[in-house]
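>>> sequence unknown, structure follows:
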């Protein structure tokens, strides 16, 4: 049985859960409560010396880092494939996943963190600034999606990476620009996938 060391609200854990569900793999979730600092427990650090979730344990194989986990899952359980067959497209998936992890998830997370605070304690300028960063990423995705159903043609790990936060635009207070019609259609297609719906958004 596959075990996933998981924190429900973590977008990196969520993208692994999407990949597992796309593969229709049974797995056991093991809660690592980040609020209680359980990721720093010695037992957990034996699995991931960086003290971060997610961690996937498949029999005697231990894999951490959501990007590496999802590529492992695609290698080990190749059907349905979540990476393209040709090397150029695979590179595009990796570039987009990196772009998501470094340019989309951080500002989205900072907006959520501010919005969770009592209104009197929020930094409105910080919220606006990070909402603008999210908007800039969406504008770039509009160009990339031209003529495609998903970011690299077929549904791939690039789409999996964006799904957890792109579905929260309303919660982020980000109104999708009406000109971003490709992005709007793409988000609609993401919402139709059972693996993405399993996140409960």
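That came in fine, so what should we check first? Please read these numbers as outputs of a predicted model, since none were measured by experiment.
>>> which other helices and strands does the biggest helix by length in the chain contact?
The helix of greatest length in the chain, counted in residues with DSSP state H as the criterion, is given as helix 124-144. Judged by 3 or more C-beta pairs under 8 Å, 6 or more residues apart in numbering; DSSP states H and E, helix 124-144 is in contact with helix 105-115, helix 181-192. Bear in mind the C-beta positions are built from the backbone N, C-alpha and C, glycine included.
>>> mean confidence score for that helix?
For helix 124-144, the mean pLDDT works out to 96.
>>> any residues touching that helix, and which ones?
Here helix 124-144 makes contact (C-beta atoms under 8 Å, 6 or more residues apart in numbering) with 96, 99, 103-104, 107-108, 110-111, 114-115, 151, 162, 166, 169, 172-174, 176-177, 179-183, 186.
>>> and the closest residue to residue 3 other than its chain neighbours, how many neighbours does it have?
Nearest in space to residue 3, with sequence neighbours left out and distances taken as C-beta to C-beta, 6 or more residues apart in numbering, is residue 57 at 4.5 Å. The burial metric for residue 57, expressed as a neighbour count using other C-beta atoms under 10 Å, is 18.
>>> kindly report the same for residue 81.
Other residues within reach of residue 81, judged by other C-beta under 10 Å, total 15.
>>> report the separation between residue 188 and residue 196.
With distances taken as C-beta to C-beta, to the nearest Å, residue 188 is found 11 Å from residue 196.
>>> from the centre of this protein, give me the residue that's furthest out.
Taking C-alpha atoms, centre = their mean as the measure, the residue most remote from the mean C-alpha position of the chain is residue 120, 30.2 Å away.
>>> follow-up on the earlier one: got the phi and psi for the residue nearest to residue 3?
Summarising the backbone geometry of residue 57 under the convention degrees, to the nearest 10, its torsions are phi -120, psi 120.
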